[in-house]
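Trainee: here is my input; please provide its structure:
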Amino acid sequence: MAKDKSAYPNALSMQMGKYVLVVGSDTRNVVYTSMLLQRLNYHICTAGTAEAALEMALAVVPSLVISDLKLTGMSAAQMIRALRKKPSTADVPVIIKLEQLIPKIVQKCLEAGAAACIKKPVEPQELYRVVQATIETTPREHIRIKTRLSLAVNNTPLDFNAGECATMLSSRGMYVRTRTRYPVKTKLPVRVTLNDRTIPALATVIYSHAEGEGPFGEPGMGLYFEDISPQDQDCLQRYIDGEVTKGLKPLKTAD
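Mentor: Below you'll find the model as predicted:
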């Protein structure tokens, strides 16, 4: 079976979170997709051929395979059939990347066993949405990134130097690291500083954590934006997209 230069995922990466196997012979496209997925907090492994991908999947079962339709040697459809024949990989979902989402081709991919199709080069938001919908039990629609942003909560500026700030951000809400917490369902005015722009919003506390609680182990609150202008929400989205794609050279869209 064909070998691949990529390193095999290890047991530690499996324990830390879901791992996605990205397959394709176009190195730049594979690297671009892989970097986006890493920044969306997925562990990644890559393979240049379907044969190499199958060998890697049998060694450590991925949560998801994302593959080009056209591959050197074995096709994506043949790869899916080979995955389905092995008990350990029979349920691994496969997302196919297409030059164009032509209905007839999409239908053929779905009939071959693909879970979904996505246009390449992939866009961060669409990639996130499709991956979340395919493998997460409670899928998110909007990217959430790690960050450190100054803000004011309930008209009181937080002490950024003491570590009080927004540490997670999406276009729909944020996690605020602070020891001054409010009860769930409390509505609070917030102002977050984004580069040279201050964005106001009315937010609702949806959960609250003390020291050592929650997935991050830090005291704070999860806030959902109840009232924010479309312009400010677009600004947040552009900032998030920019952070996810920072330093990555955009790929040309196929004609």
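
Trainee: hey, let's count contacts and neighbours off CA atoms from now on
Mentor: Will do.

Trainee: what about the helices in the stretch 151-255 of the chain?
Mentor: 230-245 (DSSP state H, counting those that start in this stretch).

Trainee: what about it, any weak spots by pLDDT?
Mentor: Confidence mapping of the stretch 151-255 of the chain against pLDDT under 70 gives the ranges 215, 252-255.

Trainee: how close does residue 34 sit to residue 28?
Mentor: 10 Å (C-alpha to C-alpha, to the nearest Å).

Trainee: and this structure, what are its domains?
Mentor: For the chain, automatic domain parsing gives the domain ranges 11-135, 145-245.

Trainee: turn the ones you listed into a markdown table, including distance to residue 251.
Mentor: Shown next, in a markdown table, are the domains of the chain (distance: least, C-alpha to C-alpha, whole Å):
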| stretch | distance to residue 251 |
| --- | --- |
| domain 11-135 | 6 |
| domain 145-245 | 11 |
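
Trainee: redo these as JSON lines? Include mean neighbour count.
Mentor: What follows is the domains of the chain, written out as JSON lines (neighbours: other C-alpha atoms under 10 Å):
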{"stretch": "domain 11-135", "mean neighbour count": "18"}
{"stretch": "domain 145-245", "mean neighbour count": "17"}
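
Trainee: report the contact partners of residue 118.
Mentor: 95-98, 101, 126-127, 130 (C-alpha atoms under 8 Å, 6 or more residues apart in numbering).

Trainee: can you do 6 Å?
Mentor: residue 97 (C-alpha atoms under 6 Å, 6 or more residues apart in numbering).

Trainee: tell me the SS of it?
Mentor: State at residue 118, reduced to three classes by DSSP: H, G, I helix; E, B strand; the rest coil: strand.

Trainee: make 26 the starting number, not 1.
Mentor: Right, with 26 as the first residue, what we last looked at is residue 143.

Trainee: please report the distance of it from residue 77.
Mentor: For residue 143 relative to residue 77 (C-alpha to C-alpha), the value is 22 Å.

Trainee: next: residue 59.
Mentor: 17 Å.

Trainee: how about residue 247?
Mentor: Counting by C-alpha to C-alpha, the gap from residue 247 to residue 77 is 42 Å.

Trainee: likewise residue 83?
Mentor: From residue 83 to residue 77 the distance is 10 Å (C-alpha to C-alpha).

Trainee: average model confidence for the host helix or strand of residue 47?
Mentor: Assigned by DSSP states H and E, residue 47 belongs to strand 44-48. The pLDDT scores in strand 44-48 average 95.

Trainee: each with direction, which strands does it pair with?
Mentor: strand 68-72 (parallel), strand 89-93 (parallel) (DSSP bridges).

Trainee: turn these into a markdown table, including distance to residue 131 and mean pLDDT.
Mentor: Converted to a markdown table, the strands paired with strand 44-48 look like this (distance: least, C-alpha to C-alpha, whole Å; pLDDT from 0 to 100):
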| stretch | distance to residue 131 | mean pLDDT |
| --- | --- | --- |
| strand 68-72 | 23 | 95 |
| strand 89-93 | 13 | 97 |
